[in-house]
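K.L.:
coordinates only, no sequence provided:
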């Protein structure tokens, strides 16, 4: 087999504030041939996700931080170039934790075949992957929506938020979204069927802007963002409201996060429940959720949109674009065709 050269982005050091070009370093090295039970993989699709920013910090969290010199982490859809395991054949597509690199050798036992047509394989990183599962369990297990209730979603035009709003409609609820551009608002209320959406960048008083959209208050607030959007939503929750806390992207790059309203008095008076969750808390039930997600996707009840950046060279650009709202739907890097 002809020698394969891997191109990879590694972590230079822990950034303070917003990562920049000095945070990442491109390196190249030859890739060894696979041993028995291993496969040589080529990245086709790379997922870039906000949670990776948390792993670029030495602060203790629910996952171990990366250390300088590590390949930047990330889930991929990869193609098998060579295999020494009977369960994998050349050309198979697999889910693999390749991170930001073009090639690597992995143990076959840790890989999962992608059961999708080639032209739809990227869905394994979106609606039929972690974002879809996160939306499913966050809404139905933590949010527990009831027919006729109002579900408000922040970061509504992202991979998770856009799925949450559509699932809220499937559950018979009113779906309201908060996003960061008029284009995103039009996508949510047009293609995805949200009942209403708001461009938060156009309003200084977010609570006043949101109030007419939720005249009956908010029963489920699915929080992907934190910051001023969460502060505004908190003042609109109903008695016995549920608040699934999925992400706090507004704070991920803050050196000194601003202190917002203290929420506990509101939670007490409204007898509301705010709960953080991690999708892997529900790992044993992934097959159940995946069956429903496939049913809804194939039936046209769940739709998605992808923002695609080309080439492994552009992975840092795609990642940083998450924090400036460059993506509509799932942000992906197409590494190979």
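P.N.:
Sure thing, it's come through. Computed from a predicted structure; not experimentally measured.
K.L.:
how near is residue 276 to residue 131?
P.N.:
Per CB to CB, to the nearest Å, residue 276 is found 17 Å from residue 131. Every C-beta, even on glycine, is put in place using the N, C-alpha and C of the backbone.
K.L.:
what about the helices in the stretch 151-300 of the chain?
P.N.:
159-170, 182-189, 206-210, 227-234, 264-270, 286-298 (DSSP state H, counting those that start in this stretch).
K.L.:
which of these sits closest to residue 93?
P.N.:
Relative to residue 93, the nearest member of the helices of the stretch 151-300 of the chain by CB to CB is helix 286-298, separated by 16.5 Å.
K.L.:
which elements pack onto that closest one?
P.N.:
Contact here means 3 or more CB pairs under 8 Å, 6 or more residues apart in numbering; DSSP states H and E; on that basis helix 286-298 packs against helix 130-137, helix 159-170.
K.L.:
next structured bit after that helix?
P.N.:
On the C-terminal side of helix 286-298, the closest following helix or strand by DSSP states H and E is strand 306-310.
K.L.:
one step back: more neighbours: residue 276 and residue 131, which one.
P.N.:
residue 131 (24 against 15; other CB atoms under 10 Å).
K.L.:
residues contacting the closest residue to residue 294 other than its chain neighbours?
P.N.:
In this structure, residue 294 finds its nearest non-sequential neighbour in residue 128, 6.6 Å apart by CB to CB, 6 or more residues apart in numbering. Listed by CB atoms under 8 Å, 6 or more residues apart in numbering, the contact set of residue 128 reads 116, 290, 293-294, 297.
K.L.:
which of those has the most neighbours?
P.N.:
residue 293 leads those on contacts (other CB under 10 Å) with 22 neighbours.
K.L.:
how far away is that one from residue 327?
P.N.:
Per CB to CB, residue 293 is found 20 Å from residue 327.
K.L.:
and residue 203, by the same measure?
P.N.:
Distance, residue 203 to residue 327, by CB to CB: 22 Å.
K.L.:
again with residue 288
P.N.:
For residue 288, the distance to residue 327 - CB to CB - is 28 Å.
K.L.:
leaving out sequence neighbours, find the closest residue to the residue nearest the centre of the chain.
P.N.:
Compute the mean C-alpha point of the chain, and by CA atoms, centre = their mean the closest residue is residue 131, 4.8 Å away. Nearest non-adjacent residue to residue 131, counting by CB to CB, 6+ apart: residue 159, 3.8 Å away.
K.L.:
just confirm the one you found contacts residue 123, I think it does.
P.N.:
No - using CB atoms under 8 Å, residue 159 is not in contact with residue 123, being 10.9 Å away.
K.L.:
overlap of the contact sets of these two?
P.N.:
residue 304.
K.L.:
compare these two (neighbour count), which wins?
P.N.:
Using other CB under 10 Å as the criterion, residue 159 and residue 123 rank with residue 159 on top: 31 against 22.
K.L.:
residues contacting that one?
P.N.:
Residue 159 neighbours (CB under 8 Å, 6+ apart): 126-127, 131, 304, 327, 329-331.
K.L.:
how does it look with 6 Å?
P.N.:
Listed by CB atoms under 6 Å, 6 or more residues apart in numbering, the contact set of residue 159 reads 126, 131, 329-330.
K.L.:
same check, this time on residue 44
P.N.:
By CB under 6 Å, 6+ apart, the contact set of residue 44 is 77, 79, 336.
K.L.:
just the strands from the stretch 101-250 of the chain, written as ranges.
P.N.:
Applying DSSP state E, counting those that start in this stretch to the stretch 101-250 of the chain gives strands spanning 103-107, 112-113, 150-154, 174-179, 196-199, 218-222, 237-245.
K.L.:
of those, which is nearest residue 212?
P.N.:
For those, proximity to residue 212 was assessed by CB to CB; strand 196-199 is nearest, at 9.0 Å.
K.L.:
and the closest one, what other elements does it pack with?
P.N.:
Applying 3 or more CB pairs under 6 Å, 6 or more residues apart in numbering; DSSP states H and E, one finds that strand 196-199 contacts strand 174-179, helix 182-189.
K.L.:
circling back: from residue 102, how far out is the residue nearest to the centre of the chain?
P.N.:
Taken as CB to CB, the span from residue 131 to residue 102 is 23 Å.
K.L.:
got it, and residue 63?
P.N.:
Relative to residue 102, residue 63 is positioned 24 Å away (CB to CB).
K.L.:
neighbour count: these two, which is higher?
P.N.:
residue 102 (22 against 13).
K.L.:
for the more buried one, what are its contacts?
P.N.:
Each residue near residue 102 by CB under 6 Å, 6+ apart is listed here: 6-7, 43, 312, 335.
K.L.:
what of residue 79?
P.N.:
Taking CB under 6 Å, 6+ apart, one finds 42, 44, 93 in contact with residue 79.
K.L.:
which SS class is it?
P.N.:
Assigned state for residue 79: strand (three-state reduction, DSSP: H, G, I helix; E, B strand; the rest coil).
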